[in-house]
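> turn this into a structure:
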Amino acid sequence: MRLAPSDLGVPLGERATVVQFSSTFCAPCRSTRYVVERAVATRDGVAYADLDIADHLALGERLAVDVTPTVLVLDARGDVVRRATGVPTLAQLRSALDSASSVDPSA
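You can find the predicted model right below:
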């Protein structure tokens, strides 16, 4: 599935985009946000969108998000290349970003 900046409310990253679906009372979402922010800070060309599922119900339904946190990693075109629920490790997220960044956006 391909997502556009209009879906996320932020421009796509030149290399990758991390999308986190959270909810207000989700304690693991705060931990996930910390991990994602650390991973994104160490990679050039990576954008981050933290979306509250309550404010993005239609997108959440379209993507079948039924648990928070849910983290999607998009390549430069906006295609979902990785998906995880729960709190990822920093190493897992960095690996996913490396994979997404290796996709040729012109393909």
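> burial of Tyr48, as a residue count?
18 (other CB atoms under 10 Å). (Each C-beta comes from the backbone N, C-alpha and C, glycine too.)
> part of a strand, is it?
Yes: assessed with DSSP: H, G, I helix; E, B strand; the rest coil, Tyr48 lies in a strand.
> tell me where the protein is predicted with low confidence.
103-107 (pLDDT under 70).
> mind listing what's buried along the longest helix along the chain?
Of all segments of type helix in the chain, defined using DSSP state H, the longest is helix 27-41. Residues 29, 32-33, 35-36, 39-40 are the ones in helix 27-41 that count as buried (16 or more other CB atoms under 10 Å).
> closest to Glu14 out of those residues?
Taking CB to CB as the measure, Glu14 lies nearest Val40 of the buried residues of helix 27-41, at 12.6 Å.
> can you list contacts of stretch 66-75?
Here stretch 66-75 makes contact (CB atoms under 8 Å, 6 or more residues apart in numbering) with 3, 12-13, 16-23, 26, 28-29, 32, 36, 53, 63, 80-88, 93, 96-97, 99-101, 103, 105.
> hang on, isn't Ser99 packed against Val81?
Yes: taking contacts as CB atoms under 8 Å, Ser99 lies within contact range of Val81: 6.4 Å.
> neighbour count: those two, which is higher?
For Ser99 and Val81, the more surrounded residue by other CB under 10 Å is Val81, and the numbers stand at 17 against 14.
> alright, calling it a day.
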